[in-house]
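Q: Just need the structure, nothing else, for what follows:
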Amino acid sequence: MRCAVLVLLHELKEGGTARSQSIFLIETLAIMQQLCYADADDRSITTVFRMNNAMFLHHLMMKECFPGTPNTISVRRLMGHHLHSLRGHIPIAYRVVAISSTLAENEERQFSTLKRITKSSANYSKPVTYECILRG
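A: Now for the predicted structure:
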C-alpha cells in the first residue's frame, strides 16, 4: 500500500494536472505511513510532534478536498471513525509505543483468528472463505 501511494504521488507531481490540494493530501498520507511503519528506534519527540501535525494536516486536507456531502459514500464513512482514530488516537499511542509494533501485533492477531476459523471449518475452500469473510 505504501508503495502504491508513493508511486501515485510521484506520477501526480510529474503529470502536473492534479490540483495542489490533492497532491498535498496524498503527501500527508505518505508522511503518516512513513511514520507509522518506521522502526521503534526512529521514534523521538520530534517524530511524535511530526506525527501529530501530519495527522491534523491530513484531516484538514480531507475536509478541503471533499467539501460538502459526498454522493457515493456517507460523510460518516468518509470522515468518521477512521479519520477520528488517525487524528485523535494514533499520535497519542505513538508517544507510548511504535505503531509498527502495534500493527504487527494486530496482523498476528488477525492471522491467528483466520487460522482458528480454518481449523474449525470444513476442508472445502468455499465454506472456509465465507467463514473467514464473515467471522474474520
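Q: Quick check: which ranges of the protein have low pLDDT?
A: 1, 81-82, 95-136 (pLDDT under 70).
Q: Per the annotation, how does it divide into domains?
A: Here the domain assignment for the chain is 2-97, 101-136, based on automatic domain parsing.
Q: And the contacts of stretch 44-56?
A: Stretch 44-56 is contacted by residues Thr28, Ile31, Met32, Leu35, Ala38, Leu86, Arg87, Ile90, Pro91, Tyr94, Arg95 when judged by Cβ atoms under 8 Å, 6 or more residues apart in numbering. C-beta here means a position set from N, CA and C on the backbone, and glycine is covered the same way.
Q: From Ala40, how far off is Leu86?
A: Counting by Cβ to Cβ, to the nearest Å, the gap from Leu86 to Ala40 is 20 Å.
Q: out of those two, which sits in the busier spot?
A: Leu86 (19 against 10; other Cβ atoms under 10 Å).
Q: Check whether the residue nearest to that one when sequence neighbours are not counted sits in a helix, strand or coil.
A: Nearest residue to Leu86, sequence neighbours excluded (Cβ to Cβ, 6 or more residues apart in numbering): Met55, at 5.3 Å. Under DSSP: H, G, I helix; E, B strand; the rest coil, Met55 falls in the helix class.
Q: just use 29 as the starting number from now, easier for me
A: Got it, the first residue is 29 from now on, which makes the last one we talked about Met83.
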